[in-house]
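Enquirer: Quick one, structure for this:
(2 chains)
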Amino acid sequence: MTATATKALAPPRAQRRRRDRAGPLEYTRRRWLQIVILANFVFLYFPIVSLIAFSFNDSKRNITWQGFTLKYYVKAFNNTALHEAFGHSMIIATTSTLVSTVLGAALGLALYRYRFPGKGPFEGWVHLPIMIPEVSMGVAMLAFFARVDLPLGLFTITVSHIAFSIPFVAVVARARMAGFDHALEEASRDLGATEWQTFWNVTFPYMVPGIVAGALLAFTLSLDDFVITFFTSGPGSTTFPIKIYSMVRFSVTPEVNAASTVLIVITLTLTVTAMVIQSRMGRKPRA
Amino acid sequence: MRDWRRNKAAFGLLIGPASLWLVVFFTLPLAIVWVYSFGLKGPQGQTILALTFENYTRALDWLYLEIILKSLWIALATTAICVIMGFPLAMGIAFAPKSLKNPLLLLVILPFWTNLLIRTYAWIAVLRTRGFLNFGLEWLHDGFAAVAAAVGLDDLLGPFQPLELLYNQYAVVIGLVYVHLPFLVLPLYATLEKLDRGYLEASLDLGAGHWRTLVSITLPLVMPGLVSGGLLVFIMSMGNFLTPDLLGGTSSLMIGNLIARQYGAARDWPFGSALSFLLLYATFIALWVRAAVAQRSKGLSY
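Expert: Numbers count the residues shown, from 1 in each chain, chains lettered A, B, ... in the order given. Next up, the predicted model:
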């Protein structure tokens, strides 16, 4: 494009200035609001970013920057108690994810598919574990396991994690089904497939992204949980967050920061993966 | 949607296992706590089943009532600060250019995906006597002192005294705001996003200022989202256990800590159970109000 053409296309000066000025509803372009937003983000990010940054700081407890080091990561990796706790967390999260994904996805499908008497209250009841205070659920599990004389340990933690993960998986699985085209199932039945064949070849493949997203969510919830684990764990079943908690209670050291950073990276990766899968779900299905 | 009677076996297979799990490992435990809340504490700290309201009336003792009222107060303050901080943030995102909306939303949600314990722990390093905030204040103090000394006013400020920022109720409120801010911003943003901009433009065209438009038009229209988010923050702060445990001192115990203590060191499960159910009833009431507000606003169309 030549210079004259550009000039001809450019709006007259006054008009251009009007366009550059913020429109009446473009509140985000107002300086004071930008400052407020910035302040909010500083508040949201400063603690967590400084925690991560100081896990690399070459100083025991000083808050000034002394230089970069990885020695606290090495120390955390060589901490056998931390190792053991991480192993426990992995066992619990894997088991809890397997069970809660199967049960939760089935529940989500049932809630999407069927009409039945008392469905409203039933849904309210099913979603209760998401809504009630964690401490109330934690002490309830403790009272229950004591009542049935089950010693606290990996088993009791896993059972509790499954209970609070089921509704989350169900919500995600059901959300996935919302975009499902009924006609596909009907076509399958009309063409002579049995109900089971229809489920396995038509419905289930459509559900898969929802199931994967639900599973990742269940894994993250289990790995991250502190409060309910706090009440359902015994002496030999320390999980990773519980171990970090006891380290925090003892003292604030860069080693705790390093262990925390590891957990942050794991959960963020899992959650971002789940989010990407879920946002792909929103697009037009290939089926 | 199909009727469940069309294929009872499939319906049972899908809904049965999860329901059974939630009956045995969620509802039954809560029922046990409910029964315990009418029980008595035995001499060895065991629970004796009984039918007494003693545990509930004991919650009204000033010793405990004070903690319950303080929890209410802390939850209320947290909600108010979340509204004051979150409202402009939600406005800013809702009125941002399209390409910026999702990145900004992601920035709000991202901290929310990190572990609750770690997010709370991060504040200890900020607030403790040798923490970042006091360090920054000391730096400012020394700067002012140097300026004062330069103009001949030695010892105007005196030596720097670090502030006691941790282990009090202010630290608890800060921690709770930090953890719950996204719960306010997200529903509020959703409501602002759906808002018909025509109403705001009409108000501005008819001569109302921005402030008047905000107070008389925007605020009433987004009230359902604000109430929904605010109640969520309130419920979750009220029942929080970890934040006051890590950031609070002995004078800033909340009801969650009190419950945990009855089940832990105090070994008074019946009293802990009664407190737990008081907290649950409060939660149910708040959830019911929230559902009622959502129902009412559904009937209105903007």
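Enquirer: Can you read off the pLDDT for the closest residue to chain B within the stretch 101-250 of chain A?
Expert: Closest contact between the stretch 101-250 of chain A and chain B, by Cβ to the nearest Cβ, is at A:P133 (2.7 Å). Using the backbone N, CA and C atoms, a C-beta is placed for each residue, glycine as well. pLDDT for A:P133: 93.
Enquirer: Okay, buried residues for stretch A:74-81 please.
Expert: Within stretch A:74-81, the residues scored as buried using 16 or more other Cβ atoms under 10 Å in any protein chain shown are A:A76, A:N79.
Enquirer: Might you report the residue contacts of residue 269?
Expert: I went with chain A, as the question did not name one. Residues near A:T269 by Cβ atoms under 8 Å, 6 or more residues apart in numbering or on different chains: none.
Enquirer: I was after chain B.
Expert: B:W269 is in contact with A:A143, B:Y36, B:G39, B:K41, B:G45, B:T47, B:Q262, B:Y263, counting by Cβ under 8 Å, 6+ apart.
Enquirer: Tell me which of the residues you listed fall in helices.
Expert: Residues of those located in helices (DSSP state H): A:A143, B:Y36, B:Q262, B:Y263.
Enquirer: Check whether the last one really touches A:S136, as I assumed.
Expert: No. Taking contact to mean Cβ atoms under 8 Å, the distance of 10.7 Å between B:Y263 and A:S136 leaves them out of contact.
Enquirer: For the residue lying closest to B:F38 once chain neighbours are set aside, give me the pLDDT.
Expert: Distance criterion Cβ to Cβ, 6 or more residues apart in numbering or on different chains; nearest residue to B:F38, sequence neighbours excluded, is B:L51 at 5.3 Å. At B:L51, the pLDDT value in this model is 86.
Enquirer: Please apply the same query to A:M1.
Expert: A:M1 carries a pLDDT value of 40.
Enquirer: Next, count neighbours for B:M1.
Expert: Using other Cβ atoms under 10 Å in any protein chain shown, B:M1 is surrounded by 11 other residues.
Enquirer: Low-confidence regions, the stretch 151-287 of chain A specifically.
Expert: Scanning the stretch 151-287 of chain A for pLDDT under 70 picks out A:282-287.
Enquirer: Residue numbers of it in contact with chain B?
Expert: Proximity of the stretch 151-287 of chain A to chain B (Cβ under 8 Å from any Cβ of the partner chain) is limited to residues A:159-160, A:162-164, A:166-167, A:170, A:195, A:220, A:224, A:226-227, A:231, A:241, A:244-245, A:248, A:252, A:256, A:260, A:263-264, A:267-268, A:271-272.
Enquirer: of those residues, buried ones?
Expert: Applying 16+ other Cβ under 10 Å to these, the neighbour count classes A:159-160, A:162-164, A:166-167, A:170, A:220, A:224, A:226-227, A:231, A:241, A:244-245, A:248, A:252, A:256, A:260, A:263-264, A:267, A:271 as buried.
Enquirer: What residues does B:A96 make contact with?
Expert: By Cβ under 8 Å, 6+ apart, the neighbours of B:A96 are A:T28, B:L104.
Enquirer: would it count as being in a strand?
Expert: No. Using DSSP: H, G, I helix; E, B strand; the rest coil, the assignment for B:A96 is coil, not a strand.
Enquirer: still on that earlier bit, state the distance from the residue nearest to B:F38 to B:L40.
Expert: Separation of B:L51 from B:L40 (Cβ to Cβ, to the nearest Å) stands at 10 Å.
Enquirer: Just want to know which of the two has more residues nearby.
Expert: Each of B:L51 and B:L40 has its neighbours counted (other Cβ under 10 Å); B:L40 has more, 17 against 8.
Enquirer: roughly how far apart are the more buried one and chain A?
Expert: Distance, B:L40 to chain A, by Cβ to the nearest Cβ, to the nearest Å: 15 Å.
Enquirer: wait, what's in contact with B:L49?
Expert: With Cβ under 8 Å, 6+ apart, B:L49 has these contacts: B:V35, B:Y36, B:F38, B:G39.
Enquirer: try 7 Å
Expert: Contact analysis of B:L49 by Cβ atoms under 7 Å, 6 or more residues apart in numbering or on different chains lists B:V35, B:G39.
Enquirer: And B:T120, by the same measure?
Expert: B:T120 sits in contact with B:G175, B:V179, B:L242, B:T243, B:L246, B:L247, where contact means Cβ under 7 Å, 6+ apart.
Enquirer: Just the buried ones among those residues, please.
Expert: B:G175, B:V179, B:L242, B:T243, B:L246, B:L247.
Enquirer: Looking at the stretch 201-302 of chain B, what residue ends up closest to chain A?
Expert: Residue of the stretch 201-302 of chain B nearest chain A, by Cβ to the nearest Cβ: B:G239 (2.7 Å).
Enquirer: returning to what we had before: quick one: the buried ones among the contacts of B:T120 as CSV, columns for distance to chain A, pLDDT and secondary structure too.
Expert: As requested, the buried ones among the contacts of B:T120 are exported to CSV (distance: Cβ to the nearest Cβ, whole Å; pLDDT from 0 to 100; DSSP: H, G, I helix; E, B strand; the rest coil):
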residue, distance to chain A, pLDDT, secondary structure
B:G175, 9, 94, helix
B:V179, 11, 92, helix
B:L242, 6, 91, helix
B:T243, 11, 93, helix
B:L246, 7, 91, helix
B:L247, 11, 92, helix
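Enquirer: can I get the residues you listed in JSON lines with distance to B:K101?
Expert: Shown next, in JSON lines, are these (distance: Cβ to Cβ, whole Å):
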{"residue": "B:G175", "distance to B:K101": "28"}
{"residue": "B:V179", "distance to B:K101": "24"}
{"residue": "B:L242", "distance to B:K101": "32"}
{"residue": "B:T243", "distance to B:K101": "30"}
{"residue": "B:L246", "distance to B:K101": "34"}
{"residue": "B:L247", "distance to B:K101": "33"}
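Enquirer: For B:V185, grab the count of nearby residues.
Expert: The tally of other residues near B:V185 (other Cβ under 10 Å) stands at 26.
Enquirer: Can you classify it as helix, strand or coil?
Expert: Put simply, B:V185 is helix when judged by three-state DSSP.
Enquirer: distance of B:I124 from A:P205?
Expert: Distance from B:I124 to A:P205, counting by Cβ to Cβ: 48 Å.
Enquirer: how about the helices of the stretch 101-250 of chain B, start to end?
Expert: For the stretch 101-250 of chain B, the helices defined by DSSP state H, counting those that start in this stretch cover B:116-127, B:132-150, B:169-194, B:197-205, B:210-213, B:219-238, B:242-247.
Enquirer: Out of those, which gets nearest to A:H83?
Expert: Smallest distance to A:H83 across the helices of the stretch 101-250 of chain B (Cβ to Cβ): 18.6 Å, for helix B:116-127.
Enquirer: What are the buried residues along the closest one?
Expert: For helix B:116-127, a neighbour-count test (16+ other Cβ under 10 Å) marks B:L116, B:L117, B:I118, B:R119, B:T120, B:Y121, B:A122, B:W123, B:I124, B:A125, B:V126, B:L127 as buried.
Enquirer: just checking, the fourth one touches A:I48?
Expert: Yes. At 6.4 Å, B:R119 and A:I48 qualify as touching, with contact defined as Cβ atoms under 7 Å.
Enquirer: Now list whatever residues contact both of those two.
Expert: Shared contacts of B:R119 and A:I48 (Cβ under 7 Å, 6+ apart): B:P111.
Enquirer: Run a quick neighbour tally on B:G152.
Expert: Number of residues near B:G152 (other Cβ under 10 Å) recorded here: 7.
Enquirer: now swap in B:P43 and tell me
Expert: Neighbour count of B:P43, defined by other Cβ under 10 Å: 6.
Enquirer: What of A:M177?
Expert: Using other Cβ under 10 Å, A:M177 has 17 other residues around it.
Enquirer: How many neighbouring residues does the closest residue to it other than its chain neighbours have?
Expert: Of all residues not flanking A:M177 in the chain, A:Y112 sits nearest, at 4.0 Å (Cβ to Cβ, 6+ apart). A:Y112 has 18 neighbouring residues, counting by other Cβ under 10 Å.
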